[in-house]
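>>> sequence and predicted structure, then a few things I'm wondering about:
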Amino acid sequence: MRTLITNIGELTTNEGPVLRDAAVLLEEGLISWVGGADEAPDADAIVDADGRAVIPGFVDSHSHLVFAGDRAAEFEARMAGQKYAAGGIRSTVAATRAATDDELRARLRGFIDEMHAQGTTTVEIKSGYGLDVETEERLVRLAAEVTPEVTFLGAHVVPVEYVDDPDGYVDLVIGSMLEACAPHAKWIDVFCETGAFTVEQSRRVLEAGTARGLVPRVHASQLGPGAGVLLAVELGAASIDHGTYLTDADIEALAGSDTVLTLLPGVEFSTRQPYPDARRLIDAGVTVALACDTNPGSSFTSSMAFCIAVAVRDMGMTPAEAIWAATAGGARALRRDDIGVIAPGRRADLVLLKAPTRIHLAYRPGVPLVERVWKDGVQVA
């Protein structure tokens, strides 16, 4: 089946300048041709973009989609002035442990449908709301049903039963919990932060995961500056996520590395922390990605368009930079070269917008601008 999307007014490929009056041919799950609409090859099916914009599918490289429960009351309290703290995660842990696989699976698939409808075609999913061997294994196994980008995050916070023995919990994470979860995961993550895990504990977790063939990712510098960024760069982490509070040394280390800094503006929106200065990071040579961090506590949004709008409005990014970060940047954070761009040989993951330009994603915040979505050449929304 050869599907031609033609009469594209503005085509963002992430592999050169924006193309005008363009067309894209989708074939067997891949992009097989890109060029001018007047030069387009024959196809079995034609989609007329009617002068609207097409962009790559969003690559959301940081989410926590497998959970139960709700923390709306916590959000309300923050809006009334209560400070955000990592300990709120434990309330979600209790609800998630009590949920059945079918209940978790149904909610997860609902989130995936929600993301597809908003233009997200690739999503990374973390565990971290089980914090015991049985539940963490359930979470990574369920996540693997919907994405290959699964992260084992047993080291999210210390659960209540280990509050007086955090090193003992780390022993559990790098022992029987890692043994159970590694077969379902690609990545290993740790929340290296005050109130979560120390640098020394984080090193143990990441090195144990690496020894099992998992690739490091790190939550760091969300609640304040710390040594998590330098640890992550040292260990060759694919990404450091949050980065709300960065020192000059952190930025210099990131700029000189292959580690991507994934910014999560939905978190700052929901917690009222200061937004990271993306302009400073990009100008310093840091590779920046944008992601939603969909989770019930600190960022309960699945809208990459919303994150783009915030990044442009409050973080110093241009619309072009924000869209690159939400597509190609996310792909780099996942060390993928088959997504995040529109070019022959890449996955046929595309979004047709209800707008003439990509700028409208920031220009019209909160407005549903996704017309159609293709994942692997198949329309999913």
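That came through, no problem. Numbers count the residues shown, from 1 in each chain.

>>> for the stretch 151-300 of the chain, which segments count as helices?
Counting by DSSP state H, counting those that start in this stretch, one finds helices in the stretch 151-300 of the chain at the ranges 166-172, 178-181, 199-211, 228-234, 248-255, 265-271, 278-283.

>>> please name the residues that touch the spatially closest residue to Pro56 that is not a sequence neighbour.
Spatially, and ignoring its direct neighbours in sequence, Pro56 is nearest to Thr327 (4.3 Å; Cβ to Cβ, 6 or more residues apart in numbering). Bear in mind the C-beta positions are built from the backbone N, C-alpha and C, glycine included. Contact analysis of Thr327 by Cβ atoms under 8 Å, 6 or more residues apart in numbering lists 12, 14, 55-59, 340-341.

>>> I'd like to know which of those residues are part of strands.
Mapping those onto strands (DSSP state E) picks out 55-56, 58-59.

>>> quick one: which of those has the most company?
Phe58 (33 neighbours; other Cβ atoms under 10 Å).

>>> surely that one meets Gly119?
Yes - at 5.0 Å, Phe58 counts as touching Gly119 under the criterion of Cβ atoms under 8 Å.

>>> what residues do these two have in common as contacts?
Residues touching both Phe58 and Gly119 (Cβ under 8 Å, 6+ apart) are 304, 351.

>>> hang on, the earlier thing: now the two most distant members of the contacts of Thr327.
Spanning the widest gap among the contacts of Thr327 are Thr12 and Val59, at 13.5 Å by Cβ to Cβ.

>>> neighbours of the closest residue to Ser303 other than its chain neighbours, how many?
In space, Ser303 comes closest to Gln118 once its chain neighbours are excluded; the distance is 5.3 Å by Cβ to Cβ, 6+ apart. Residues lying near Gln118 (other Cβ under 10 Å) number 22.

>>> got the phi and psi for Gln118?
The phi/psi pair for Gln118 (degrees, to the nearest 10) reads phi -100, psi 10.

>>> check contacts around it.
Contacts of Gln118 (Cβ under 8 Å, 6+ apart): 58, 302-305, 368, 370.

>>> can you give me the strands for the stretch 51-200 of the chain?
53-56, 58-60, 120-123, 125-126, 150-155, 187-192 (DSSP state E, counting those that start in this stretch).

>>> most packed of those strands?
Most buried of the strands of the stretch 51-200 of the chain, by mean neighbour count (mean count of other Cβ atoms under 10 Å): strand 58-60, with a mean of 32.
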